[in-house]
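J.: Provided below are the primary sequence and the corresponding predicted coordinates.
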Amino acid sequence: MPVGTVGSVKAVHQHELRDDIKAQIILGNTYHIYLRPGLEILRQAGGLHKFIGWERPILTDSGGFQVFSLSGNRKLKEEGAYFRSHIDGSKHLFTPEGVVDIQRIIGADIMMALDECTPGDADYEYAKKSLGLTHRWLKRGWSQYNSTEGLYGYRQTFFPIVQGCVYPDLRRESAKFVTDLNADGNAIGGLAVGEPTEKMYEMIEIVNDILPNDRPRYLMGVGTPANILEAIDRGVDMMDCVMPTRNGRNGMLFTRNGIMNMRNKKWADDFSALDPGGPTYVDEVYSKAYVRHLFIANELLAMQIASIHNLGFYLWLVEEARKHIETGDFPSWKKEMVTRVTQRM
């Protein structure tokens, strides 16, 4: 799912997301949208879909991760998360109930519960205490969700989030707690936040042994193409990450045959396509030499081409994964693809 933090997938038009990349759903972020443009503007606009001109589904993260990343500018208490805006330093409070109400105004098709995103290197006692707070907040948010309705004439759904850091017993406890709510889908949070990659995979396996098979499983904030394939292999259905656009804007392109740094001298006279023989995600097939030239010249078009290319590649990758699951040869295909997409070109 392409990430559109403030109501915009950076450097990519909505029609490109819809027609070229063929994204089925995009993300917004409650924290950022709450601060700017603000809830009154969104209410007047009729919700985020109308405000940004996007008629397909939107998922909004609750803002828990953004509050977590503020570190010195936030304080977590039983009532909720106190924080200062990164824009103007103003003070705010996110409560589990308030975050549901905010996402009602935003109009997201999928709303996320407020949680504490525990650091990947947290000790057991901190992780256990954090998980207790997340579960108490989840009860309150779930109650608020079930006692309110959407504002724009369609049903919104609500995903609880499994936490528990890297501790198997805490992850199992949280997965059971979440499963008992019988929500339409469930999320796995607190991974790819500093823990070893193999530990992340272990936690995914533990959680997905408990989460129901007939509901979407959403792995939050992950990741590289290899991470995505390994997560799918372990039962994950939905993922998001800023990597395709953020890395693309900095000159890193993902292809079927590996990773390219477009600032490297080696591409200066390479007039082949960005991903020869692969799918084309932009209106024309731009050469490696041309895209390198754009990056070296600091042209904005470089960031646009790279972002569209990377998002297109990510969507192609998961579509191919789906095909190979259906045909029954996913394990062998995945093994080959992980080797290919992780090599540096």
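T.: Arrived safely.

J.: Break down the stretch 201-345 of the chain into its strands, ranges please.
T.: Along the stretch 201-345 of the chain, counting by DSSP state E, counting those that start in this stretch, strands occupy 217-219, 238-239, 252-255, 258-261.

J.: Single out the most deeply packed of those strands.
T.: strand 217-219 (a mean of 24; mean count of other Cβ atoms under 10 Å). Quick note: C-beta positions are derived from backbone N, CA and C, even for glycine.

J.: partners of that one, with directions?
T.: strand 186-188 (parallel), strand 238-239 (parallel) (DSSP bridges).

J.: Indicate which one of those is closest to residue 133.
T.: strand 186-188 (16.8 Å; Cβ to Cβ).

J.: what separates the closest one from the chain centre, distance-wise?
T.: 12 Å (Cα atoms, centre = their mean, to the nearest Å).

J.: residues in contact with it?
T.: Residues from elsewhere that reach strand 186-188 (Cβ atoms under 8 Å, 6 or more residues apart in numbering): 112-113, 159-162, 178-179, 203-204, 207-208, 211-212, 215-220, 236.

J.: With stretch 43-61 instead?
T.: By Cβ under 8 Å, 6+ apart, the list of residues contacting stretch 43-61 reads 1, 4, 7-8, 14, 17-18, 23-31, 33, 37, 41-42, 103, 105-112, 151-152, 218, 220, 240.

J.: Out of these, which end up buried?
T.: Those of those that meet the buried threshold are 1, 4, 7, 14, 17-18, 23, 26-31, 33, 37, 42, 103, 105-112, 151, 218, 220, 240, by 16 or more other Cβ atoms under 10 Å.

J.: and the chain, what are its domains?
T.: Following automatic domain parsing, one finds the domains of the chain at 14-241, 246-342.

J.: what's the most buried one of these?
T.: domain 14-241 (a mean of 19).

J.: Ends of stretch 20-31, what's the gap?
T.: 29 Å (Cα to Cα, to the nearest Å).

J.: avg pLDDT for it?
T.: Mean pLDDT, stretch 20-31: 95.

J.: Run the chain-centre distance for it.
T.: With Cα atoms, centre = their mean, you get 9 Å for stretch 20-31.

J.: List of residues touching that stretch?
T.: Against stretch 20-31 from outside (Cβ under 8 Å, 6+ apart): 1-7, 9, 12, 17, 48, 54, 56-63, 66-67, 94, 99, 102-103, 106, 108-110, 112, 240, 281-283, 308, 311-312, 315.

J.: Now residue 287. Nearest residue, chain neighbours left out?
T.: Spatial nearest neighbour of residue 287, chain neighbours left out: residue 271 (4.5 Å); criterion: Cβ to Cβ, 6 or more residues apart in numbering.

J.: Pop out the phi and psi values for residue 66.
T.: phi -70, psi -40 (degrees, to the nearest 10).

J.: Quick check, central residue of the protein?
T.: residue 240 (2.5 Å; Cα atoms, centre = their mean).

J.: In this model residue 9 seems to touch that one, though I could be wrong.
T.: No. Between residue 240 and residue 9 there is no contact, the gap being 10.9 Å when judged by Cβ atoms under 8 Å.

J.: Common neighbours of the two, please.
T.: Shared contacts of residue 240 and residue 9, counting by Cβ under 8 Å, 6+ apart, come down to 2, 3.

J.: Now do the contacts for the residue lying closest to residue 318 once chain neighbours are set aside.
T.: The spatial neighbour of residue 318 that comes closest, neighbours along the chain excluded (Cβ to Cβ, 6+ apart), is residue 228 at 6.8 Å. The contact partners of residue 228, by Cβ under 8 Å, 6+ apart, come to 222, 239, 314, 317, 318, 321.

J.: Among those, which are located in helices?
T.: 314, 317, 318, 321 (DSSP state H).

J.: can you pull the pLDDT of residue 284?
T.: 65.

J.: repeat for residue 166
T.: Residue 166 is given a pLDDT of 96.

J.: One more: the one 10 residues further on?
T.: At residue 176, the predicted lDDT confidence score is 98.

J.: how close does it get to residue 135?
T.: 11 Å (Cβ to Cβ, to the nearest Å).

J.: got it, and residue 290?
T.: 53 Å.

J.: Can you show me the helices along the stretch 101-250 of the chain?
T.: Per DSSP state H, counting those that start in this stretch, the stretch 101-250 of the chain carries helices over the ranges 124-146, 168-179, 197-208, 225-233, 243-249.
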